[in-house]
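S.K.: Need a 3D model of the sequence below.
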Amino acid sequence: MNKQEHLNMIKEDFLNAQKVLLAIGDETRQSILLVLMGTDCQTGLRVGEITEQTHLSRPAVSHHLKILREAGVILMRKEGTKNFYYINVRTKFELLKTLVLDIEKFMKDFY
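M.R.: Model (predicted):
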């Protein structure tokens with residue numbers, strides 16, 4: 001693969017990972033992710049529980065959870081009227097890994 005082909009591949013990697021990068025790039029969403037990572041992946045937490053642990057307002061937590069869900073980083077499970085949020089173990093973090101590996105290979109091959 002030549003340099004331009006490799007750069008095009010990295011560009012595609014960036015496009016594929018864009019939603020995940022935007023979702024996890026925010027400090028508030030990072031704190032929510034850390035709270036969720038500290039729980040049982042299958043149980044999850046409700047908005048109120050996340051609010052207590054992050055000291056954010058309920059609307060702020062809901063807003064950030066929506067962004068994380070849309071990016072595929074977290075999932076929601078319904079139990080009646082209750083919603084439980086948890087880390088998506090089959091998440092799109094693999095896209096980030098591919099991006100980093102392709103950049104590393106490019107740097108090794110061309111610099």
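S.K.: Please name the residues that touch the residue nearest the centre of the chain.
M.R.: Most central in the chain under C-alpha atoms, centre = their mean is residue 73, positioned 3.7 Å from the mean C-alpha point. By C-beta atoms under 8 Å, 6 or more residues apart in numbering, the residues touching residue 73 are 20, 23-24, 33, 87-88, 91-93. Glycine gets a C-beta too; all of them are placed from N, C-alpha and C.
S.K.: try 7 Å
M.R.: By C-beta atoms under 7 Å, 6 or more residues apart in numbering, residue 73 lies in contact with 20, 23-24, 88, 91.
S.K.: out of the residues you listed, which are buried?
M.R.: The neighbour-count criterion (16 or more other C-beta atoms under 10 Å) marks 20, 23-24, 88, 91 among the contacts of residue 73 as buried.
S.K.: Would you mind pulling the contact partners of the longest helix seen in the chain?
M.R.: Identified as the longest helix of the chain according to DSSP state H is helix 3-24. For helix 3-24, contacts defined as C-beta under 7 Å, 6+ apart pick out 29-30, 33, 67-68, 71, 73, 92-93, 95-96, 98-99, 102-103, 106, 110.
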